[in-house]
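> this one's sequence-less:
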């Protein structure tokens, strides 16, 4: 009985806060209904009631869903779940990983900057691929 009450109060609290935020949002834009030849006060009352009804339905749905999905476990099952299992034969370093790290260090030492063989292609020059388009519209197009 106590769990049902807690679930109901949590759901009510959450949905009530959302409802108040929705009413604030509605209040900020309700004056625009006057342009549609509708009474803003009556529209606010109507929409606020619809929001309230939707909130009540959501509370009922959430509470029922939570209560139907709850699984009650015995104290023994809870204690077994809380006991951490010690890992056996766990290696934190792998030989291939250490070798790859060693190769990367040597690759960084051999890294050379890119050297352009020909002249730089201008943005408005024809594309070297032979398409006939400007370089900026073909291979030089920015992503």
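Looks like it arrived, so ask away. A quick note: this is a predicted structure, and the numbers were derived from the prediction, not measured.
> can you pull the contacts of the residue nearest the centre of the chain?
Nearest residue to the geometric centre of the chain (C-alpha atoms, centre = their mean): residue 18, 19.5 Å. By C-beta atoms under 8 Å, 6 or more residues apart in numbering, the contact list for residue 18 reads residue 55. Bear in mind the C-beta positions are built from the backbone N, C-alpha and C, glycine included.
> Helix or strand: which one has it?
helix 2-29 (DSSP states H and E).
> Go through that helix and flag the buried ones.
Across helix 2-29, burial judged by 16 or more other C-beta atoms under 10 Å covers 7, 8, 11, 15, 19, 22.
> Pull up the gap between the residue nearest to the centre of the chain and residue 24, please.
Distance of residue 18 to residue 24, given as C-beta to C-beta, to the nearest Å: 11 Å.
> what's the single longest helix in this structure?
In the chain, taking DSSP state H as the definition, the longest helix is helix 40-69.
> got CSV for the buried residues of helix 2-29, with distance to residue 39 and pLDDT too?
Shown next, in CSV, are the buried residues of helix 2-29 (distance: C-beta to C-beta, whole Å; pLDDT from 0 to 100):
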residue, distance to residue 39, pLDDT
7, 40, 92
8, 36, 94
11, 34, 95
15, 28, 97
19, 23, 96
22, 20, 94
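> Any chance of those residues in CSV with distance to residue 37 as columns?
As requested, those are exported to CSV (distance: C-beta to C-beta, whole Å):
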residue, distance to residue 37
7, 45
8, 43
11, 39
15, 33
19, 28
22, 25
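> Quickly name whichever of those is closest to residue 52.
Taking C-beta to C-beta as the measure, residue 52 sits nearest to residue 19 out of the buried residues of helix 2-29, at 6.8 Å.
> Alright, calling it a day.
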